[in-house]
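Engineer: Fold the following, please.
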Amino acid sequence: MGALALAALAAWAVWLFGSGLARFAGAVLILISLLRLATHTADPRAIPTLAAGIGLWLAGHWLWAIKHKLWRSQLALNVYSLPGLHHLAPIATNHTRKPSKWAPERPRES
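Structural biologist: Below you'll find the model as predicted:
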């Protein structure tokens with residue numbers, strides 16, 4: 001019973017504070033890893049740290065979009081509008097399907 005209460009408390013805390021904490025922690029990790037890469041130190045942790053930072057930043061914006069039904073920033077909207085990532089977006093993005101030579105876009109009938 002105590003574990004269930006702890007899980008409920010953790011879920012409540014993530015819902016309230018998770019988006020801001022994830023976006024902040026992701027930005028810090030991205031900055032740290034970019035500084036490590038820019039100083040040309042042979043640190044093998046820089047790339048995984050960068051990936052974790054980007055993942056946290058994206059998760060924070062995803063949670064914000066779920067909660068508020070809008071995007072927190074234009075950058076988040078643009079990132080989630082990229083091909084592939086638009087499938088993970090919890091709300092509408094400005095993704096547009098570009099016609100290809102194999103599947104040309106047909107004219108719409110009014």
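Engineer: Just the element for Leu9, please.
Structural biologist: Using DSSP states H and E, Leu9 falls within helix 2-38.
Engineer: And that helix, what's buried?
Structural biologist: When burial is assessed from 16 or more other C-beta atoms under 10 Å, helix 2-38 yields the following buried residues: 18-19, 22-23, 25-26, 29-30, 33, 36. Where C-beta positions appear, they are placed from N, C-alpha and C, glycine not excepted.
Engineer: Who are the packing partners of the helix or strand following it?
Structural biologist: As assigned by DSSP H and E, the chain's next helix or strand after helix 2-38 is helix 46-68. When contacts are defined as 3 or more C-beta pairs under 8 Å, 6 or more residues apart in numbering; DSSP states H and E, helix 46-68 packs onto helix 2-38, helix 74-80.
Engineer: In TSV: these, plus distance to His68 and mean pLDDT.
Structural biologist: Output for those, formatted as TSV (distance: least, C-beta to C-beta, whole Å; pLDDT from 0 to 100):
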stretch	distance to His68	mean pLDDT
helix 2-38	9	89
helix 74-80	12	87
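Engineer: need the ones you listed in TSV with distance to Asn94, can you?
Structural biologist: Formatted as TSV, the helices and strands packed on helix 46-68 follow (distance: least, C-beta to C-beta, whole Å):
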stretch	distance to Asn94
helix 2-38	20
helix 74-80	6
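Engineer: So for Pro48, which of these sits nearest?
Structural biologist: Across those, Pro48 has its closest neighbour in helix 2-38 (8.3 Å, C-beta to C-beta).
Engineer: Which secondary structure elements does the closest one sit against?
Structural biologist: Taking 3+ C-beta pairs under 8 Å, 6+ apart as the contact cut, helix 2-38 packs with helix 46-68.
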